[in-house]
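**Student:** Okay, structure incoming, though there's no sequence with it:
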């Protein structure tokens, strides 16, 4: 069914609704598609585009399935939730998954605004692509605003989302989250989110997270935060003491790639960043300029994640995880396995350096993937060999004889530069 002109669709006081395979375009009322006082709603496979108003308005709702929709080009600029505004005001369980939400414009929550009121809600936000949205205030891509009452809980799972090239005027240009009781954030790609040229500027270019109560917590695993910008804390801003009582809420950050400097990462309760995290290492996306945020063949994020309790079994496109020795960072699981295709020379792949070096010719180029390599490295000292690509490749050697050069220690190869550590050459 297609809707256009005026208010596309308004549904009030219903208990169980399935709304699917519809099309709403060029409407100019308060919202293009509106649902009010709905117990159970399945909103699936709809296209809502180019409306001079908010795209979708759902308030309040108990249980929501918001699936496989394409929402873009909606623009008002005077209210919240350009692509969609959803108000959860009753105890329930909801899923927001596999949606394309892009090029929308509103006051706060340019792509999607989730208001969680006086209710107990469990919400899964998975496998969405949210990009090119603008918000004059907070939350260019996605904004979640939870009620601060201590008598309710809001549990949010945020997994396998690609949030990129969104803009906001104040805080959280990519993602803005407030007072979530528990947050499980895993395997998201959050990249190239910026401040609006007309914006005042703020904190958390990639993620802005505000935690109020001492019992609230956040688990942040296997994410890529890359090339976001902000006045302060370009990649991640976390306030883990929102009530200012100097009792800090638990925040666990493992196996992510983000800017760990004071310009990139801010948290009042400073703690050493776990070494499982990469410090602003270029993820080497397949084609970042054309919005392809899959991992390139030599990405340091391949096999760099951890299989924790909240890790997904598939990626944003449904590809099984893991393919290689470990799960990848970010929303996309790479088809390249560091474990299987460790080293390449002359178009052939080798699983270890020993077999790769056998019979190697002078002036050969060896491409190393992101994995640790152990074993002997022996090559004729009259040869010049180029080692390229990869990250954190470890080479060890135990026995050196004759006219050979051996390496014992660590060789770190990253994007064209080679760093030697504790090397013995005989």
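**Tutor:** Right, received. Where do you want to start? None of the values given here were measured: they were computed from a predicted structure.

**Student:** pLDDT below threshold where in the stretch 51-200 of the chain?
**Tutor:** For the stretch 51-200 of the chain, the stretches with pLDDT under 70 are 76-79, 148-151.

**Student:** so residue 81 touches residue 106, yeah?
**Tutor:** Yes - counting by C-beta atoms under 8 Å, residue 81 touches residue 106, with 5.8 Å between them. Glycine gets a C-beta too; all of them are placed from N, C-alpha and C.

**Student:** residues shared between the contacts of those two?
**Tutor:** Listed contacts common to residue 81 and residue 106 are 54, 113; contacts here mean C-beta atoms under 8 Å, 6 or more residues apart in numbering.

**Student:** Report the beta-bridge partner residues of residue 238.
**Tutor:** residue 209 (DSSP bridges).

**Student:** Against residue 171, how distant is it?
**Tutor:** 12 Å (C-beta to C-beta, to the nearest Å).

**Student:** which of the two has more neighbours?
**Tutor:** residue 171 (29 against 24; other C-beta atoms under 10 Å).

**Student:** Give me the spatial nearest neighbour of that one, chain neighbours excluded.
**Tutor:** Nearest residue to residue 171, sequence neighbours excluded (C-beta to C-beta, 6 or more residues apart in numbering): residue 202, at 3.9 Å.

**Student:** What is the neighbour count of the one you found?
**Tutor:** 22.

**Student:** cool, residue 326 as well?
**Tutor:** Other residues near residue 326 come to 21 when the count uses other C-beta under 10 Å.

**Student:** How many neighbouring residues does the closest residue to it other than its chain neighbours have?
**Tutor:** Excluding the flanking residues, the one nearest residue 326 by C-beta to C-beta, 6+ apart is residue 303, at 4.4 Å. As a burial measure, residue 303 scores 22 neighbours (other C-beta under 10 Å).

**Student:** Look up how far residue 116 lies from residue 303.
**Tutor:** 36 Å.

**Student:** returning to what we had before: so the residue nearest to residue 326 touches residue 330, yeah?
**Tutor:** No - Residue 303 lies out of contact with residue 330 (C-beta under 8 Å); the separation is 11.9 Å.

**Student:** residues near residue 124, how many?
**Tutor:** Based on other C-beta under 10 Å, the number of other residues close to residue 124 is 16.

**Student:** what do you get for residue 274?
**Tutor:** 11.

**Student:** which residues sit in contact with it?
**Tutor:** Contacts of residue 274 (C-beta under 8 Å, 6+ apart): 253, 254.

**Student:** And for the one 5 residues further on?
**Tutor:** Under the criterion of C-beta under 8 Å, 6+ apart, the neighbours of residue 279 are 258, 259, 260, 261, 273.

**Student:** Let me see the ranges of the helices in the stretch 251-400 of the chain.
**Tutor:** For the stretch 251-400 of the chain, the helices defined by DSSP state H, counting those that start in this stretch occupy 353-357.

**Student:** rewinding a little: narrow the contacts of residue 279 to those that are buried.
**Tutor:** For the contacts of residue 279, a neighbour count by 16 or more other C-beta atoms under 10 Å gives the buried set as 258, 259, 260.

**Student:** Does residue 57 touch residue 48 like I think?
**Tutor:** No - using C-beta under 8 Å, residue 57 is not in contact with residue 48, being 10.6 Å away.
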